[in-house]
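Asks: Pasting a predicted model and its sequence here:
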Amino acid sequence: MSWRLTATITGLLLGPLLAGAAWAQDERHEEDRQPVCCEDLVEDDHADSWAPRPTADEPPAPDAPPPQGDEAKPAEGEGEKKDEEEKAPDRWLAVTGGDVHTVTGPLLRGATVLARNGKIVALGDRVQVPEGAEVLDASGLRVYPGLVAFDTSGLVGSPPQDATDVFSLGMQVALASGITTVGQGPTVAKLTYGTLEGHVVSAAAWTRLEVGTGQALAGLRAELEKVRGYLRERRAHELARAQGQTSTEPDRRWIRGRAAQLEQLLTLRARALVAATTRAQLITLADLAQDFGFQAIVVGAQEAWTVAPLLGRAGLSVVLAPRARRDPDERLARDSGWSIEAAAVLHAAGVPVALVSANRSVGLGGLGGSDLATLNLEAAFAVRGGLPEPAALEAITIVPARLLGVDDRVGSIEVGKDCDLLLTDRDALHYEMLARYTVVNGRVAYDKGKEALLRAVRHSRDAAPPEVVPQLWPRRPGEAAPPMPEYER
Amino acid sequence: MKPTTTWRALAAALLLTAGAPALGPALGPARADDARRDDDLLALRVGRVITVTGEEHAPGVVVVRDGRIEAVGARVDVPRRARVIDAPDAVLMPGLVSPRTRLGLGRYARDGNHAHLSASDELLPVPGRFEGALEGGFVALGVVPAGEGISGQAVAVRPLDDAPLLGTAYVRARLIDLPGEKRALRESFKTAQAAIDKEAKARAEWEKKHKASQPAQAQQATAQRPAPAQPQARPAQASTAPVTSAVFEPPAIPDDLRPFVAWLREAPDAPRLLVELGSAGDWVHLVDLREQVALPALTLFVSNGGQTDWHRVAAQVGEGEPLVIAFPRVSFEANTRTRVHVPWELARAGARVAFTPLIDDAEGHRRHLEAAALAHRDGFPRGEALKALTLHPAQVLGLEADLGAIEVGRRADLVLLDGDPLEVGTRVTAVLLDGQVAWRREGGR
């Protein structure tokens, strides 16, 4: 009994040390590691922090001294370095002491997230915070990646860079409910409150595909077949050229418009977005996706649960609003209708599920509860239907990020990703969840204590009431004027 | 207390010794009749003179000659031939200026770039058009052309029926309806830049050709080139050397791009550019636009309505002491009941705030002083409030050398009030334009 325990402890202690030793032995890594500044910030060995080591392929941090020896970087890296030097000093943000729910990694209790210029550069409990960094004390708070809303309307303008109102109420409410990245049509944008810097993430996240039936479906198949034929010819041509044989390049002048879109799909450079609700539509789509090997996102797929294994095998992803429901049709001998359990059934069959709210905008009139402001509640309802809690959190963070093709930047807390964080004193799926802070691109985009909108809303009964600001106006007759703040030009 | 004979003697002596030789025969006949009044000479003896830029004089005297202020002070000698307005209870201040108005003008829809159009085209003499403006104490109005996008050039006029022109004030552009108006501004600057590049290219080509053809011309006509730069010599030269003309003729720049070209070339006579913004979000887009095109120095109009978010960017807007037109009002922070004083925050951040009437009609102009008084009561500092009524809007209109303050040399566009201008209830009793009484309250003095 005790020897086993000792062995386990030894293993736990030695494992990291051995790993550290392995690092030390690898001299090439050691050389690389030395100049990288974000690594210098991690005081202890790899074993004690969640900061992944850099690989040899990673470029050094721009402000790090250039690596010595024969590993000097090409001129391109030098140019970047110069640009960096001319720019303003680095913008650091340290979120300290929170329970960091990384989503793709483990829960790190009391860890620090350190970001430079909007990107996470270090993560762990022994991160050294550089001087002059903005520090956000997250002790007692939970830190989640900012939520990702797959489909929204009204939060960003069209085109976002020229039309978004970065001080809009909708944006503030969405940030207050933890959302930091939104898809609006195929455009992906961040809710950069108060600035347009880093606002647009992606302009074409997906390609819409109409599957149809009968003639339309046959036409689509024929088109896909034609594009696939071209891709085969091109591959054969490339192989022949690689082997030194003469070969004429296949004509690609006709790859325009729709054909170009289909080429994007077949080469897996884009995902197809397909609206399919009924079982028949879903089976058709699954067949098509399997036949041609493209990735498809199914929206409005409440009945997908009846064919979940088929969708899983076909590699389809599903976007649904979990609370939408319809009673089963009793005249049918098969499964029909949809319910709160749909998300859980699909997840069990291996279908990636992204959750959206029934109302895709921030509803500012009447009772809320099914709009963007309660995106986290949608995930909670999916849990109510049997979806495991981690999967529910993924369904509003990393899964929609993947479907929007921006999972290299958002959706989880990892070194190298954008510093988009939700800091809250409740569980992310709790119905009382409100953001205490929301961070977008390493900037505090929402601070509940400062915004008048929800400042007075309190969860904890023992929390101090908000400071009452004496009103300067209007004054009642006979009342002395309150002192105005001093003003001197 | 009253000027005595000694004073009169002194004034007469001054006139005889200093004035007469300098002015020469012009004053000759007048000297013969000392009792006659000189219509071009006016002295105002009032309870208080608010100069706006300098100290206040209580009591104070302002001497006006030929419509311009000749002397200001607490102890100024009144020329004996001057007409004298004695108003020991009145307060005298420079006339109010409305920086941006469409008083008495209709609406019409227009978008895109119309920078070549002027609001003066609309100003046909219509009796009573500027009703309310003189009653409110205004001496100049900045009349803007209607429409969206870059709607044209605003002009500064007198608030009289025949709208005498004081000058072109600025080009008005809006950045409210996004993305259209942002695009219109960006495209106009880019097209103007393209026109400049085109001209530079054409000039370079012309110089190249000119140089190449000059030796040939020199050989052909060694002595027959008296004036190569004369356009009249062109036809003769064209026959011999058709490749080039003697004078470079730049490609024509479209009228609507001329102001933009002037801004890009940083021409000293370029008009100012007024950009109207609806909310703090529009300001962020203006900052974004500034990174894309070289905007000139701007005048801003922040339409701080009842619900506002301008306080979020007030500190940034005020950087560099820009001229900012704003409503004299306290607003609610959008969607809350928190009150914010946007003009105050802008002024604190360094902006030169110019007040514009809350409502752009006769009543709005009549009550402008009251609105400013309320803004002052809610914390807007006195000195800034006076400037926001007079000097800063005059600067917006480019008339800061003539209007906006009681200083020697400026136009005598003055307002007489029955009390302090920043006290609620104070009324305008008379308005002077170029030293002539243009309006006075009935039943008043």
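Replies: Yes, it's here.

Asks: Tell me which residue lies nearest the centroid of chain A.
Replies: Nearest residue to the geometric centre of chain A (C-alpha atoms, centre = their mean): A:Gly411, 2.3 Å.

Asks: helix, strand or coil for that residue?
Replies: Under DSSP: H, G, I helix; E, B strand; the rest coil, A:Gly411 falls in the coil class.

Asks: the helices in chain B, which residues?
Replies: All helices of chain B, identified by DSSP state H, fall at B:5-14, B:20-23, B:28-32, B:180-220, B:234-240, B:258-264, B:280-292, B:314-317, B:342-348, B:362-366, B:368-377, B:382-389, B:391-396.

Asks: now do chain A
Replies: Remark: helices assigned in chain A by DSSP H are A:2-25, A:27-33, A:37-41, A:75-86, A:160-163, A:169-176, A:214-242, A:258-266, A:279-292, A:308-314, A:342-348, A:375-384, A:389-394, A:398-403.

Asks: Of those helices, which shows the lowest average pLDDT?
Replies: Comparing mean pLDDT over those, the weakest stretch is helix A:27-33, at a mean of 39.

Asks: In chain B, where is pLDDT below threshold?
Replies: The model of chain B has pLDDT under 70 over residues B:1-37, B:215-245, B:444-445.

Asks: How about the residues of it by chain A?
Replies: By the rule C-beta under 8 Å from any C-beta of the partner chain, the part of chain B lying against chain A is B:178-179, B:182-183, B:279-282, B:284-285, B:287-288, B:309, B:312-313, B:330, B:333-336, B:338-339, B:344, B:347-348, B:378-379, B:381, B:383-384. From N, CA and C alone the C-beta is placed, and that goes for glycine too.

Asks: Mark which of those residues are buried, thanks.
Replies: Neighbour-count burial within the residues of chain B next to chain A applies to B:178-179, B:182-183, B:279-282, B:284-285, B:287-288, B:309, B:312-313, B:330, B:333-334, B:344, B:347-348, B:378-379, B:381, B:384; the criterion is 16 or more other C-beta atoms under 10 Å in any protein chain shown.

Asks: Contact partners for residue 266?
Replies: Using chain A. Shown in contact with A:Leu266 (C-beta atoms under 8 Å, 6 or more residues apart in numbering or on different chains): A:Leu224, A:Val227, A:Arg228, A:Leu231, A:Phe292, A:Gly293, A:Phe294.

Asks: The intended chain is chain B.
Replies: With contacts defined as C-beta under 8 Å, 6+ apart, the neighbours of B:Glu266 are B:Pro296.

Asks: okay, which residue is most central for chain B?
Replies: By C-alpha atoms, centre = their mean, the most central residue of chain B is B:Leu397, 1.4 Å off.

Asks: My guess is that residue contacts B:Arg100. True?
Replies: No. B:Leu397 is not in contact with B:Arg100 according to C-beta atoms under 8 Å; the separation is 9.2 Å.

Asks: list residues touching both of these two?
Replies: Common neighbours of B:Leu397 and B:Arg100, using C-beta under 8 Å, 6+ apart, are B:Gly142, B:Ala154.

Asks: Give me the nearest residue to A:Asp447, chain neighbours excluded.
Replies: Nearest residue to A:Asp447 in three dimensions, chain neighbours excluded: A:Tyr437, at 5.6 Å (C-beta to C-beta, 6 or more residues apart in numbering or on different chains).

Asks: how many neighbours does that neighbour have?
Replies: 23 (other C-beta atoms under 10 Å in any protein chain shown).
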